[in-house]
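Asks: test case, fold it:
(2 chains)
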Number of protein chains: 2
Amino acid sequence: MSEVHAYAAQSADADLKPFDIQRREVLPDDVKIDILYCGVCHSDIHVARNEWGNSMYPVVPGHEIVGRVTEVGDNVSDFKEGDLVGVGCMVDSCQTCDSCKDGLEQYCEEGAVMTYNGPDEHLGGHTFGGYSGQVVVDREFVLNIPENIDTKATAPLLCAGITTWSPLRHWEVGEGDKVGIIGLGGLGHMGVKFAHALGAETVMITRSPEKAKDAKRLGADDVLISTDPEQMEEHAGSFDFLLNTIPVGHDMNPYINLLGRDATMVLVGAIEPLEPMHGGGLIMGRKRVAGSVIGGIPETQEMLDFCGEHGITCDVEMIDIEEINEAYERVVNSDVKYRFVIDMDSLKES
Amino acid sequence: MSEVHAYAAQSADADLKPFDIQRREVLPDDVKIDILYCGVCHSDIHVARNEWGNSMYPVVPGHEIVGRVTEVGDNVSDFKEGDLVGVGCMVDSCQTCDSCKDGLEQYCEEGAVMTYNGPDEHLGGHTFGGYSGQVVVDREFVLNIPENIDTKATAPLLCAGITTWSPLRHWEVGEGDKVGIIGLGGLGHMGVKFAHALGAETVMITRSPEKAKDAKRLGADDVLISTDPEQMEEHAGSFDFLLNTIPVGHDMNPYINLLGRDATMVLVGAIEPLEPMHGGGLIMGRKRVAGSVIGGIPETQEMLDFCGEHGITCDVEMIDIEEINEAYERVVNSDVKYRFVIDMDSLKES
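Replies: Residues are numbered from 1 along each chain as shown, chains lettered A, B, ... in the order given. As a prediction, the model looks like this:
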């Protein structure tokens, strides 16, 4: 075991402050990683502030982790010291259920072990995330990060990236499809980049006309302002797929009206009650509403490789760890383009 | 044109009474049918009473029509006098859009012409349904009824049958699947028969323990009482497909919890606002909620042929046309096992 510097919330209403945590010694299947960068996801805030009611303190958030391998266990041959690697939202799963066998560990029937605030079967207690100097992770949950793209801007691929990539791939979005990305934030900006790179006609759907220019820079072919009834009617029934990244409960009916026959809208943000949906909206046109959460390890590696090949990264704002509490306030106010990433060198200096 | 006896509602709050309507003369592509039987669908009541706000009076309801051909147009070679035929919910569509070309006329982009209360492009005004002595229909919307099964019990196949058959087939329900049919009424009882005949492990899901015996007689392997939290928890995450026939807005969350990963619940009854759904219920397990309405002409014929081969009919209670107003009250009170069918001889006598 080794003591590691971290930043933690000690209770629901406390700021994040320096804290020391333990990391386990390197077991035969483990990879030890020196953390270079960690992205800031809205979930970090929900857990730090116990907004989902299941937080275990101290909470060390962070599940968009990029770093370099410093040590590997005796059974590990596919990673070596110096490799650029990533860790996302999960650090373990049963590896034996149908979902795990299908490479969909996020749907593990025993429940995947989350990177932070999950049960830690090695040290007892709960897992600690990436707002820290090092992490030790089973090799099955370690990913290769392409060396040819901006490393600090790859961190949010591990959550914001895979959360949008997974449904776009699962529903086989590609050339010839008209795809709408609803909501332009951390998830939405990656949805636009991926849908565009996959060859789809990509439409940014947003309430905010001022986001149009940026949406087009990110790869949107068109922008649809959802508060304009005329525009919404013009696009009615025309979409093959909608990726809905709105992070809160909302009225889905206007978006369902945009779907064509047999088309699907996938929710990836709103893990909370939605406003009442009209049954007729689905029935008339055999439409579908589905959900999707993050992605499995094989598809995460597929996405990272795709990003390397296509030069895709996240749009990030870099911060030092001391700025985390201010960054949280800005995330809550949707005031970030489009993801904060913590430079972990600042933790070593602090 | 010929004058035909019918039963009609003259306004939203009037009983159905005898009425004379016009049927068009037989055009080159038309089939003229002497109506033997007509099923009573809950939609008939919604339209007779203007509960959907779009009724055109006089309303002659009825879209579960079975009869014998009495005359065919010059271009019609696939039907001849004396053939046993059926007409369902639609009597025309554009025949040129993608949905029509795919044999899914119910999703016609121009809007299919409904058997009653639709625009009548031949005589002007609106279409009249099957509570009448005769009907004249374009051959594209005429179906062959198997001669080897009880004719009067085939009528509700044209709506209740196809409404449940279409999603079961579209989502490829069959052997090895655990399928739940939610709600045991006109639609639900056909859902149970079809799911069973298609080889699925069929579970009737109902609030009413007293329906268990009948559900098993219809083909259910098991009965799940939805008001029993223990039973609902025991079946959580275990269904491959759910067919939801509940005809009114309701809380879908307990049913979504029954779905396994990647499984779908299809709504076929509730053409109205539903209670709020929790986004997490779909997101955790990549689950789907979809809708489906009736079915296309090719799949309706496929269902009728399947019924002939497997000896499947609806469970019906026969009435004379003079009993229609009393039957409506019983439908509204869910007091019918499981569909009323009008013997149209009673109209000729009346």
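
Asks: could you look up the SS state of the nearest residue to residue A:330 once chain neighbours are set aside?
Replies: Nearest non-adjacent residue to residue A:330, counting by C-beta to C-beta, 6 or more residues apart in numbering or on different chains: residue A:336, 5.3 Å away. Any C-beta I mention is one placed from the backbone N, CA and C, and that applies to glycine too. Taken by DSSP: H, G, I helix; E, B strand; the rest coil, the conformation at residue A:336 corresponds to coil.

Asks: is residue A:336 in contact with residue A:319, as I believe?
Replies: No - here residue A:336 lies out of contact with residue A:319, judged by C-beta atoms under 8 Å, at a distance of 9.7 Å.

Asks: give me the common contacts of the two.
Replies: residue A:327 (C-beta atoms under 8 Å, 6 or more residues apart in numbering or on different chains).

Asks: is it correct that residue A:70 falls within a strand?
Replies: Yes - the assignment for residue A:70 by three-state DSSP puts it in a strand.

Asks: so which residues on chain A come close to chain B?
Replies: A:98-99, A:104, A:107, A:109, A:170, A:237, A:249, A:261, A:264, A:267-293 (C-beta under 8 Å from any C-beta of the partner chain).

Asks: now stretch A:139-151: buried residues?
Replies: A:139, A:141-143, A:145-146, A:149, A:151 (16 or more other C-beta atoms under 10 Å in any protein chain shown).

Asks: check stretch A:23-36 too.
Replies: Those would be A:23, A:26, A:30-33, A:35-36, for stretch A:23-36 by 16+ other C-beta under 10 Å.

Asks: what are the boundaries of the strands in the stretch 1-150 of chain A?
Replies: All strands of the stretch 1-150 of chain A, identified by DSSP state E, counting those that start in this stretch, fall at A:2-9, A:16-23, A:30-40, A:65-72, A:84-87, A:90-92, A:113-114, A:134-138, A:143-144.

Asks: got the ones you listed as TSV, with mean pLDDT columns?
Replies: Shown next, in TSV, are the strands of the stretch 1-150 of chain A (pLDDT from 0 to 100):
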stretch	mean pLDDT
strand A:2-9	92
strand A:16-23	94
strand A:30-40	98
strand A:65-72	98
strand A:84-87	98
strand A:90-92	98
strand A:113-114	98
strand A:134-138	97
strand A:143-144	98
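
Asks: re the thing from before, filter the residues of chain A next to chain B down to the buried ones, PyMOL style.
Replies: To isolate the buried ones among those in PyMOL, judged by 16+ other C-beta under 10 Å, type:
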select buried, chain A and resi 99+104+107+170+249+261+264+267+268+269+270+271+273+274+276+277+278+279+280+281+282+283+284+285+286+287+288+289+290+291+292+293
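
Asks: among the residues of chain A next to chain B, which ones are in helices?
Replies: A:98-99, A:170, A:279-283 (DSSP state H).

Asks: now for these: which two are most distant?
Replies: The span of those, defined through C-beta to C-beta, is set by A:98 and A:280 at 34.9 Å.

Asks: ok, back up a step: so for residue B:229, which of the strands of the stretch 1-150 of chain A sits nearest?
Replies: Here strand A:113-114 is closest among the strands of the stretch 1-150 of chain A (C-beta to C-beta), at 27.5 Å.

Asks: which neighbouring elements make contact with that closest one?
Replies: Packing partners of strand A:113-114 (3 or more C-beta pairs under 8 Å, 6 or more residues apart in numbering or on different chains; DSSP states H and E): strand A:90-92.

Asks: so where's chain A shaky on pLDDT?
Replies: A:1, A:349-350 (pLDDT under 70).

Asks: which residues does the residue most central in space within it contact?
Replies: Centroid-nearest residue in chain A: residue A:159, 2.0 Å away (criterion: C-alpha atoms, centre = their mean). Contacts for residue A:159 (C-beta under 8 Å, 6+ apart) come out as A:39, A:41, A:43, A:63-64, A:88-89, A:294.

Asks: roughly how far apart are residue A:203 and chain B?
Replies: Distance from residue A:203 to chain B, counting by C-beta to the nearest C-beta, to the nearest Å: 20 Å.

Asks: before we move on, which element is that residue in?
Replies: For residue A:203, the host element (DSSP states H and E) is strand A:201-206.

Asks: so who does residue A:153 touch?
Replies: Residue A:153 neighbours (C-beta under 8 Å, 6+ apart): A:313-316, A:341.

Asks: give me the beta-bridge partners of residue A:39?
Replies: residue A:341 (DSSP bridges).

Asks: for residue A:7, same thing?
Replies: residue A:18.
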